[in-house]
Each structure stands twice: as C-alpha cells, then as structure tokens.
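1. Pasting the sequence and the predicted coordinates here, then a few questions.
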Amino acid sequence: MSEHADQILPYGRVLRYPFWERLNHWIAAFSYIYLLLTGLAFWSPWLFWIAVLMGGGQISRMLHPWAGLIFFYAVARMYGYWSPQMKSTEVDKQWWRSLNHYVQNEDDKMPPAGRYNAGQKLLFWSFFYAAIVLLLTGIVLWFPEWIPWNLRLLRYVSVFLHPVAALFTIANFLIHIYMSVFAERGAFGSVIRGDVSLHFAKRYHPAWYEEIVRRANAPRK
Amino acid sequence: MSQETLRIQKISGHAGSVPGEGTQREYTVCKLIDTTTCIGCKACEVACMEWNDLPFGETVFDNTYQTMPETRWNYWNLILFNEHEREDGSLMWLMRKNQCMHCAEPGCLAACPSDGAIVQYTNGIVDFQQDKCIGCGYCITGCPFNIPKFNKETKRVYKCTLCTDRVSQGLEPACIKSCPTGCLHFGSKDDMKYLAEQRAKQLRDHYNFPKAGVYDPPGVGGTGVIYVLHDASQPELYGGLPKDPRIPLSVKLWKGPLKWLGNIAMVGGLIGLFVHYLRYGPKEREEEAKEPHEGAQP
C-alpha cells in the first residue's frame, strides 16, 4: 500500500509518523494558527482586537503573507509525504455510506479503513487545494499596488476567493482538531511522539493493522 | 468629547455605532468641476502639492500635456487630457481634474478592515487616517475610481483629503482657490448641484452641446465631487471616468452575504462539535485503550 516503513516498536506500539513528518505537521499547524488569528482579525471588525494582541494591525498585515508562504511550503511537503496514501479506494466509498455510524461512534460497524480513512483523505485534499487557492489569491492581495488598473479583476476575484478558501479550511480545521484531540484518544500523541498503540491501529485503521501484522510476521529476508 | 469625533459619521472596520452619526447639522460639502471651462493650466495640481506639502516626484512625458499617467500617493490632483475627435471631424480637447470623488457610499471605507483607518465626516469628506492604516490595500480594490495609492516606504495608502484642514476652518480647498478660470466651485452639495444643472442647461440651450449634463453617479450614492461634461452620455472620454461606478460586486458579496454565512458557519460549527461531544463523547475511553495487544510480535 505505501512505502511507509511503519516500524513496530516495543510495548505494542507502532511508529505512524516519523520525525520529519511530525515536524512538518507542526510547521503547518503553527503557521496556520497564526494565519487563522490574523486572518480573522482582518475578516471582521468584531475580531480586529486579535490583530492588536498579535502585535498590531501593521505587523499582522506584514507577517500574514510570510506565514502563508511557510504554511504553503509545509502543505507542499505533506503532498510529498502523504499524497500516495491519499488515493480514493473502494473502501472509502463504503466508508462515506456508513458515515452515520462513524458520527455515532459505532466504529465496529465501519468498513475497514486503511492507513487513512476516507474522512482523513478528504481533509488532506481539502487543505491541499485550498492552500493553492490561498497562495494564488494571497499573492495578489500581498501586492495590490502592483496590479495595474486594467487587471483589477484579479483583485476583485482574489478579495472574494481568499476568504472563501479560508472559511473552507476553517471548517476542515475545526473537525480535524475535534477528531484528533477530543474524539480519537491517541491521535494527538501520534503526531507528537510519532507512535500509536496496536490497539489504536486495529480499532481505527483495521486494514492498516492487518498489513502491519502481516509484515511483522513475514519471514525476514 | 472632541468636536472632531462628533463630526465622524462613518468609520471603517468598526464594530458598533459611530459617535457622530446624526449628531450635527452640517452641510454636505461638494466640489464642482466644470470641464467645459477648464484650460488645463494645472494650477490646481501645484496648489494641491503646495498646500499639502507633498514631496516632489518625477513627471512622465507621454506626448500630451498630462503630468503623469495616474495620480500617485504624493500627487493627489491630476488633470487628465484627451484629444477627442467628434463625429463631424472637429477636434475637442477634453480636460478633467481627477482626484478622490468623496463618494457618499465609499468603496474604500467598505473594504477597509482597520478600525478607523478611513472615516467619513458629517460634511461628506472621506479621509484616510494613516496612523491607523495597516497597508493591506483593500481600499485600492474597493475604489471604483482608482484613487488610493500605496506608499512603499511607509506601507500606507494616501489620497486627496478635500483639504479637510482648510474646509474645517471655513476655507475652500487649495485647488479651488488656485483656479484662474472659475471652472472650480466649492460649496454645499445642493448649491453645487443647482449651479451644475444651470451650467449644463446653458450648454445644451446656447452652446450646441445637446448631451451636456452633470456627473453625480448614483451607484456610489452620489459623490462629493461633481462634473459638468459636454457629453454626459460618454464620461469614459474624460480620462476613463466610469459611466456607472459601483463598489465592486465581489467586495459587496465578501462584506455582505459571505460574512454572515461565514460567521454562522464558524459559530455553528463550534457549537455543533461541542454538542456532538456532549452527546457521543470520545470514540473510546482510556480504560478500553489499555486492553492487551494481540497479534503482532514486536
């Protein structure tokens, strides 16, 4: 399935995210949170006080685009790390049909997800495509004075699409935080320390678990 | 409370009410520019630079009498020249003094996210407060007249103030004072509108300009700068004066429906996730997770 060498560790744990993937995740996470806070400040007068907390409107406006570049860099790295594992499969279609069971925490009634379930794959592609839109529109918004008057349509489009794409990522971000911090115990630790328990693997990613076991039991070459 | 605060009726990026809204009886001021009597002498350009102490920049020669292609952060008042050939083959020299139009519904102010960076005084003047400007340039996008200009050094945006410092002391703007032909007038909006209509009627009735009229575009709620044009049906001839200027649709959608939908979605999403946690809780309790592992041999 993947070239990922998911090492089995002592004490019944398995390495899910190696160091560079974890580091990259947190580069994306911290830059995104900065972008979210300053972006919300520019989004609504009722939230402009966030810009004051973040060092003032001018500083926020100055650093927001640079944080955006860092975020995009991390998302591009994620594409390199994870896109081969994010291809849609037949199981994913069944997964979406069983979504109501997933929402009601009836995970035993779910089709066997692989290393990533269909929801995680959607999150990945949502962030990937939104990041591209945010980058392109963001460059226009970074240097509005460079856009000549006869190309002003670029600014009109960007000023609308940038918040649309941002809102789309916020929806994904909220669900991502909820699932990884609150709903699935063990998921948060996996992106800090890198490993999950075999129990976690079996419960949430049965197909992945089968693969790990198969590989662990296979005769060494 | 200072008089200045009482004289503000619109504030950009502002949560809540505005202190000066409806608290003063004040005339809406207006600049009237009669393009039919402008001789393109540029006295207004010089007066603007002088009064506002704007630093000099290089001019751009493009085989016309125009000083530069468009206004700059330090050049707020620019006469646009156009050699126009009429249907009968005769030549007309169209000259329009271009500057901030001081819209009643300003697109710059609607687009600005920074609290108080753009204000509209009760006399109708739209003024940038550079100390509060964050340099995002959204005003550049919001303006249908291509007026706000970005300064790369200060990272703030500048434009004509309608000499708000002079007007607040009962003086006319510097450009008006300098005009030698009397093509520039300053007064209340009602007076200027009346004067402009009279002049347009005169042009229609006595000067063989049957399409003469007044430019006071309703799409932005009318403007604090109005023009008398020989041909009001073709304002584009006058240095690209837009026929029906409006705040760009995307800016309106962004600041209107999108804002509401987005806010409802964000707050609704947070509430929804919280309620989901109350109803279903985590997918697994800590105790369950401790069950002994099976299958794989580490």
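-> It's in.

2. So which residues of chain B form helices?
-> B:3-6, B:43-51, B:107-111, B:138-142, B:164-167, B:174-178, B:189-206, B:249-255, B:257-280, B:286-289 (DSSP state H).

3. closest one to A:Pro111 among those helices?
-> Of all the helices of chain B, it is helix B:257-280 that lies closest to A:Pro111, at 19.7 Å by Cβ to Cβ. No exception for glycine: its C-beta is placed from N, CA and C like everyone else's.

4. Turn the helices of chain B into CSV, columns for mean neighbour count and mean pLDDT.
-> CSV is the format used below for the helices of chain B (neighbours: other Cβ atoms under 10 Å in any protein chain shown; pLDDT from 0 to 100):
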stretch, mean neighbour count, mean pLDDT
helix B:3-6, 12, 72
helix B:43-51, 19, 97
helix B:107-111, 26, 97
helix B:138-142, 27, 96
helix B:164-167, 17, 94
helix B:174-178, 21, 97
helix B:189-206, 16, 97
helix B:249-255, 18, 96
helix B:257-280, 13, 96
helix B:286-289, 10, 57
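
5. wait, does stretch A:45-56 contact chain B?
-> Yes. Contact of stretch A:45-56 with chain B (Cβ under 8 Å from any Cβ of the partner chain) involves A:45-46, A:48, A:51.

6. and if you look at stretch A:184-191?
-> Yes. Stretch A:184-191 reaches chain B (Cβ under 8 Å from any Cβ) through A:184-186.

7. What is the nearest of these to B:Ala104?
-> Closest to B:Ala104, out of all of those and judged by Cβ to Cβ, is A:Glu184, at 54.9 Å.

8. The closest one and B:Asn123: what is the separation?
-> 61 Å (Cβ to Cβ, to the nearest Å).

9. repeat for B:Asn63
-> Taking Cβ to Cβ, one finds B:Asn63 at 40 Å from B:Asn123.

10. These two: who's more crowded?
-> B:Asn123 (21 against 5; other Cβ atoms under 10 Å in any protein chain shown).

11. That one contacts B:Tyr27, correct?
-> Yes. Applying Cβ atoms under 8 Å, one finds B:Asn123 in contact with B:Tyr27, separated by 6.5 Å.

12. OK, contacts around B:Thr161?
-> Under the criterion of Cβ atoms under 8 Å, 6 or more residues apart in numbering or on different chains, the contact list for B:Thr161 reads B:52, B:76, B:125, B:127-128.

13. can we see that at 7 Å?
-> The contact partners of B:Thr161, taken as Cβ atoms under 7 Å, 6 or more residues apart in numbering or on different chains, are B:Asp127.

14. Can you read off the pLDDT for A:Ile27?
-> Per-residue pLDDT puts A:Ile27 at 98.

15. Pull out the buried positions in the helix or strand where it lies.
-> For A:Ile27, the element it lies in under DSSP states H and E is helix A:19-43. Residues of helix A:19-43 classed as buried: A:21-22, A:24-25, A:27-29, A:31-32, A:34-43 (neighbour count, 16 or more other Cβ atoms under 10 Å in any protein chain shown).

16. do stretch B:90-102 as well
-> B:94-102.

17. Not counting it itself, show me its contacts.
-> By Cβ under 7 Å, 6+ apart, the list of residues contacting stretch B:90-102 reads B:33, B:35, B:38, B:40, B:44, B:71, B:76-86, B:124-126, B:145, B:147, B:159-160, B:162, B:223-225, B:227, B:237-239, B:241.

18. Narrow the residues you listed to just the buried residues.
-> B:33, B:35, B:38, B:40, B:44, B:71, B:76-82, B:124-126, B:145, B:147, B:159-160, B:162, B:223-225, B:227, B:237-239, B:241.

19. Strand partners (parallel or antiparallel) of the helix or strand of chain A with the lowest mean pLDDT?
-> Of all helical and strand segments in chain A, the minimum by mean pLDDT, DSSP states H and E falls on strand A:8-9, at a mean of 79. Strand A:8-9 pairs in its sheet with strand A:13-15 (antiparallel), by DSSP bridges.

20. Contacts only, for the residue lying closest to B:Lys243 once chain neighbours are set aside.
-> In space, and not counting its chain neighbours, B:Lys243 is closest to B:Pro235: 5.5 Å by Cβ to Cβ, 6 or more residues apart in numbering or on different chains. Contacts for B:Pro235 were tallied using Cβ under 7 Å, 6+ apart; they are B:215, B:229, B:241, B:243.

21. distance of the nearest residue to B:Phe150 once chain neighbours are set aside from B:Thr71?
-> Leaving aside its sequence neighbours, B:Phe150 sits nearest to A:Glu145 (Cβ to Cβ, 6+ apart; 3.8 Å). Remark: distance between A:Glu145 and B:Thr71 (Cβ to Cβ) = 13 Å.

22. Can you pull up the most central residue in chain A?
-> A:Phe124 (5.3 Å; Cα atoms, centre = their mean).

23. May I ask which helix or strand encompasses it?
-> helix A:118-142.

24. For that helix, give me every contacting residue.
-> A:65, A:68, A:71-72, A:75, A:79, A:82, A:86, A:88, A:92, A:95-96, A:147, A:154-155, A:158-159, A:161-162, A:165-166, A:168-169, A:172, A:176.

25. so which of those also contact chain B?
-> A:155, A:159 (Cβ under 7 Å from any Cβ of the partner chain).

26. Return the subset of the contacts of helix A:118-142 lying in helices.
-> Those of the contacts of helix A:118-142 lying in helices (DSSP H): A:65, A:68, A:71-72, A:75, A:79, A:82, A:92, A:95-96, A:154-155, A:158-159, A:161-162, A:165-166, A:168-169, A:172, A:176.

27. These, buried ones only, as a ChimeraX selection?
-> Restricted to buried positions by 16+ other Cβ under 10 Å, the ChimeraX selection for the ones in helices among the contacts of helix A:118-142 reads:
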select /A:68,71,72,75,79,82,92,95,154,155,158,159,161,162,165,166,168,169,172,176
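
28. and stretch B:143-162, what's its mean pLDDT?
-> 96.

29. Just the endpoints, please. Distance across it?
-> 16 Å (Cα to Cα, to the nearest Å).

30. before we move on, back to that, now, the buried ones among the contacts of stretch B:90-102 that are in strands?
-> Mapping the buried ones among the contacts of stretch B:90-102 onto strands (DSSP state E) picks out B:33, B:78-82, B:126, B:225, B:227.

31. can you redo those residues as JSON lines with distance to chain A and pLDDT?
-> JSON lines is the format used below for those (distance: Cβ to the nearest Cβ, whole Å; pLDDT from 0 to 100):
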{"residue": "B:Ile33", "distance to chain A": "21", "pLDDT": "97"}
{"residue": "B:Leu78", "distance to chain A": "14", "pLDDT": "97"}
{"residue": "B:Ile79", "distance to chain A": "18", "pLDDT": "97"}
{"residue": "B:Leu80", "distance to chain A": "13", "pLDDT": "96"}
{"residue": "B:Phe81", "distance to chain A": "17", "pLDDT": "95"}
{"residue": "B:Asn82", "distance to chain A": "16", "pLDDT": "94"}
{"residue": "B:Val126", "distance to chain A": "18", "pLDDT": "97"}
{"residue": "B:Val225", "distance to chain A": "19", "pLDDT": "98"}
{"residue": "B:Tyr227", "distance to chain A": "19", "pLDDT": "97"}
